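>>> I would like to see how this sequence folds:
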Amino acid sequence: MAHFQHYFCLSLILLSLLCIHHTANCDDNDEEECLLRGINSFRTSLKLPILTENDKAECLAEEIAEQLKNQPCTNNTDANTLPGTEPQFPDFPNLLNRCKLNVTTTRDAVILPACVPNLDQDVVLSNYTHSHYSGALNDTRYTGIGIGSDDNWIVVILTTNTSTGDFAR
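As a prediction, the model looks like this:
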């Protein structure tokens, strides 16, 4: 019986990877849309609800990506970076203001920046689904998403449906 469960789980994982690759393979050059489709396919394969687009989270993700664009891709700037060592945003209050946000409605959100040369779609998706970022993507607390990119940087922001994480005014 244990062997059956092992093979069943392995089969589900392989099927999930095939579905993710097929769905995330985009014909257009819209990195954000491709990543959104891939992340939602990943969540669907895990029987989690899809994430809905959040315009204010997208605004903040764009602002952060723009701030990061001049930083080079290094081992300290990809999704495998140790938690807590990701790039810091000293201008964060101004970024919030530009998107008409305040800190009280963004506390429960999570910011997931990744640097991928040329924003290769398969590598970008893999950086989110096969790194410590996958823990956030697997978390049912998160219901919304905003994605922004600039140069080699792509930033995902996950939001909640709570007053302290929904990005509402």
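>>> Using PDB, write out every CA atom in stretch 53-64.
Extracted as PDB, the C-alpha positions of stretch 53-64 are listed here (Å, rounded to 0.1, in the frame of the first residue of the first chain):
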ATOM      1  CA  GLU A  53      -5.200  40.200  -9.900                       C
ATOM      2  CA  ASN A  54      -4.900  43.100  -7.500                       C
ATOM      3  CA  ASP A  55      -4.200  46.500  -9.300                       C
ATOM      4  CA  LYS A  56      -2.600  48.200  -6.300                       C
ATOM      5  CA  ALA A  57      -0.300  45.200  -5.700                       C
ATOM      6  CA  GLU A  58       0.600  45.400  -9.300                       C
ATOM      7  CA  CYS A  59       1.400  49.100  -9.000                       C
ATOM      8  CA  LEU A  60       3.700  48.400  -6.000                       C
ATOM      9  CA  ALA A  61       5.300  45.500  -7.800                       C
ATOM     10  CA  GLU A  62       6.100  47.700 -10.800                       C
ATOM     11  CA  GLU A  63       7.500  50.400  -8.600                       C
ATOM     12  CA  ILE A  64       9.800  47.900  -6.800                       C
END
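>>> Which positions in it come out as buried?
Buried residues in stretch 53-64, defined by neighbour count with 16 or more other CB atoms under 10 Å: 54, 56-64. In this view, the C-beta of every residue, glycine as well, is placed from N, C-alpha and C.
>>> go on, stretch 41-57?
41-43, 45, 51, 54, 56-57.
>>> what about it, distance to the chain center?
10 Å (CA atoms, centre = their mean, to the nearest Å).
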